[in-house]
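1. 3D, please:
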Amino acid sequence: MSRPDPPTETLGPDDPTWSAQPTYSNLGEVRAHLLPSKACRPRTTGSLSTDPQPLPPPLPKKTLARAHSLPTHKTLVPSPAQAGQPQRPLLGSLSVDKSLVGGDEAGRTSPPAELTFSTPDAELGRFFHDLRSPEAVHTVLAARHLEGLCTIHARLRARFMGGRPGPCSPGHSFRLLDSSPCADGGDALYYRVVRVDGEAWHTLAAKVPKTEAEDPNPWGLELQASLAPHFNLQGLCGLLPQGALTAAPWRGSVALTVEVPERTAAQWLAEVGARRPAGFVRDAALLLLQLSAALQRLEARGAALAELRPENLLLAAPRGCTGAGPPRLLLADFGRVRPRAPGPPGPHAPQLGRLLRALLGPAPPLATPLAAGLERLAAQLPRARPSAAQTRGALQALLWGPGPELHGLGVPLGSWLQVRRALLTLHLAERAAGGEAPGLEDWLACEYLAEATEASLGRALALLWD
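-> Numbering: from 1, shown residues only. Reported below is the predicted structural model:
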């Protein structure tokens with residue numbers, strides 16, 4: 001029986017754009033080794049590679065005439081397309097009188113690259129046009145706050161997503177760090193493995209399928225191998241060949257994962273939920289926010305998770321962060337991912353509602369404003385059936401605002417957004433001055449305020465409070 005090919009990824013209006021990163025090309029046998037070995041079924045080797053899309057024809061060359069205006073702003077590096085951010089607003093251009101344009105020296109003069117604290121007073125007019133106009137100053141500063149958040153978000157993303165190992169090659173050697181698994185997922189055990197390539201080494205995880213687990217869906221495993229790197233989706237980087245580790249407590253080749261999990265969401269809930277430390281509800285909301293981001297990517301690819309199981313939601317320490325703070329969530333159960341059937345826009349909403357109820361079960365209702373908002377969202381998910389992107393927007397609003405007190409009062413949400421962007425920028429600067437490095441929650445907050453629009457805020461408030 002033939003299997004449907006993984007659908008082409010299309011992003012909706014609520015989906016953030018991510019930087020295009022290359023997928024690993026040596027994963028042809030990964031799917032077969034993610035299937036648990038059983039006596040009644042021989043192993044097969046399948047190819048996960050996808051046919052490359054043909055390149056578009058080259059654009060015709062155009063002859064550019066001399067521009068009669070000078071742009072007052074250049075895109076910062078990295079650019080929005082590289083950093084996975086929305087396009088930043090242009091601050092306008094300053095018309096130049098032709099009589100003022102002199103020879104080659106004048107033609108080589110360029111405006112400042114960006115508005116910074118060190119921008120000379122004589123050049124401020126290029127950005128503000130009229131410093132005597134408070135409205136003009138406010139507009140430019142609001143755009144600069146957005147630029148700053150986009151830059152901070154891009155740098156934090158590079159830190160948290162950086163250091164990814166390349167694909168495996170025959171010259172690599174491997175070492176087993178522990179004889180016992182570092183994490184016990186619902187469908188697999190994970191062992192820490194070091195991959196050595198000359199002077200370079202990477203700590204990876206060997207994903208060993210459990211023989212008693214249900215047969216995974218090959219379509220979902222092929223989809224996993226075709227996805228671009230995502231912060232909340234388990235990444236693959238090749239195979240650990242059979243015989244590479246003589247002391248390995250498993251047989252045959254197994255898949256290698258980029259991220260090394262520490263425990264599962266089910267274990268976290270059993271350990272932390274029982275004693276309910278300070279910040280438990282907020283950490284639960286941040287984990288659910290990351291899960292909705294992972295499900296948003298699946299929905300964009302026309303896929304859905306048949307069953308959401310906490311034991312297959314892996315938790316790992318984010319790169320570049322201290323031990324404190326929320327963990328990184330990884331969706332790993334691609335064996336239960338299938339093509340999305342026609343139906344309501346939110347195929348995962350009922351499952352997210354049940355998971356949210358399980359997280360909030362030990363908590364007294366209405367204990368805090370955030371807990372009250374999560375209770376409200378848990379009731380709305382099975383009724384409204386929002387998409388994962390809409391659920392993510394509602395969780396962002398519960399974590400960082402706007403609150404219900406602004407809903408229905410006619411307060412311009414665009415003004416609230418500008419104020420919060422400025423306050424977050426100042427907050428991060430104050431902490432940096434004290435030597436405190438930004439954490440995962442700071443990055444998620446930057447991502448929210450950099451992507452949010454007045455319309456998206458309105459949709460989030462309507463889902464929560466209408």
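2. which secondary structure elements does the helix or strand encompassing E375 contact?
-> Using DSSP states H and E, E375 falls within helix 369-384. On a contact count with 3 or more C-beta pairs under 8 Å, 6 or more residues apart in numbering; DSSP states H and E, helix 369-384 meets helix 280-300, helix 349-360, helix 388-400, helix 454-465. Just so you know, the C-beta spots here come from the backbone N, C-alpha and C atoms, and that holds for glycine as well.
3. Just want the angle from the second one to helix 280-300.
-> If you take axes from the mean of the first three to the mean of the last three C-alpha atoms, to 10 degrees, helix 349-360 sits at 160 degrees to helix 280-300.
4. centre of the chain versus helix 349-360, how much separation?
-> 21 Å (C-alpha atoms, centre = their mean, to the nearest Å).
5. What of stretch 266-283?
-> 23 Å.
6. first to last residue in it, what's the distance?
-> 14 Å (C-alpha to C-alpha, to the nearest Å).
7. Check which residues of that stretch are buried.
-> 266-269, 273, 280-283 (16 or more other C-beta atoms under 10 Å).
8. pull the CA atoms of stretch 229-237 into PDB?
-> C-alpha atoms of stretch 229-237 as PDB (Å, rounded to 0.1, in the frame of the first residue of the first chain):
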ATOM      1  CA  PRO A 229      14.900  22.600  12.700                       C
ATOM      2  CA  HIS A 230      12.400  23.900  15.200                       C
ATOM      3  CA  PHE A 231      12.900  24.700  18.900                       C
ATOM      4  CA  ASN A 232      10.100  22.500  20.000                       C
ATOM      5  CA  LEU A 233      10.300  19.600  17.600                       C
ATOM      6  CA  GLN A 234      12.800  16.700  18.200                       C
ATOM      7  CA  GLY A 235      15.600  16.900  15.600                       C
ATOM      8  CA  LEU A 236      17.400  14.000  14.000                       C
ATOM      9  CA  CYS A 237      21.000  13.900  12.900                       C
END
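9. So for the longest helix seen in the chain, what gets flagged as buried?
-> The single longest helix within the chain, with elements called by DSSP state H, is helix 134-161. Neighbour counts over helix 134-161 (16+ other C-beta under 10 Å) mark 137, 139-140, 142-154, 156-157, 159-161 as buried.
10. now do stretch 237-256
-> The neighbour-count check on stretch 237-256 (16+ other C-beta under 10 Å) flags 237-241, 244-245, 248, 252-256 as buried.
11. for stretch 415-427, same thing?
-> If you call a residue buried by 16+ other C-beta under 10 Å, then stretch 415-427 has these buried ones: 416-418, 420-422, 424-425.
12. ok now do the closest residue to R376 other than its chain neighbours, which residues does it touch?
-> Nearest in space to R376, with sequence neighbours left out and distances taken as C-beta to C-beta, 6 or more residues apart in numbering, is L464 at 5.9 Å. By C-beta atoms under 8 Å, 6 or more residues apart in numbering, the residues touching L464 are 373, 376-377, 380, 394, 397-398, 404, 407.
13. before we move on, back to that, could you list the residues in contact with the helix or strand that comes right after the longest helix of the chain?
-> Downstream of helix 134-161, the first helix or strand assigned by DSSP H and E is strand 173-176. Strand 173-176 is contacted from outside by 191-197, 240, 244-245, 247-248, using C-beta under 8 Å, 6+ apart.
14. And the furthest pair within these?
-> Spatially, the most separated pair among the contacts of strand 173-176 is D197 and A247, at 20.8 Å (C-beta to C-beta).
15. burial count for A300?
-> 18 (other C-beta atoms under 10 Å).
16. what helix or strand does G238 sit in?
-> strand 236-240.
17. Please identify the pairing partners of that strand and their relative orientation?
-> Looking at strand 236-240 with DSSP bridges, its partner strands are strand 254-257 (antiparallel).
18. Just the C-alpha atoms of the partner strand, please, in CSV.
-> Output of strand 254-257 as CSV, limited to C-alpha atoms (Å, rounded to 0.1, in the frame of the first residue of the first chain):
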residue,chain,number,x,y,z
VAL,A,254,19.3,3.4,16.3
ALA,A,255,18.5,7.0,15.4
LEU,A,256,20.5,9.9,17.0
THR,A,257,18.6,13.0,18.2
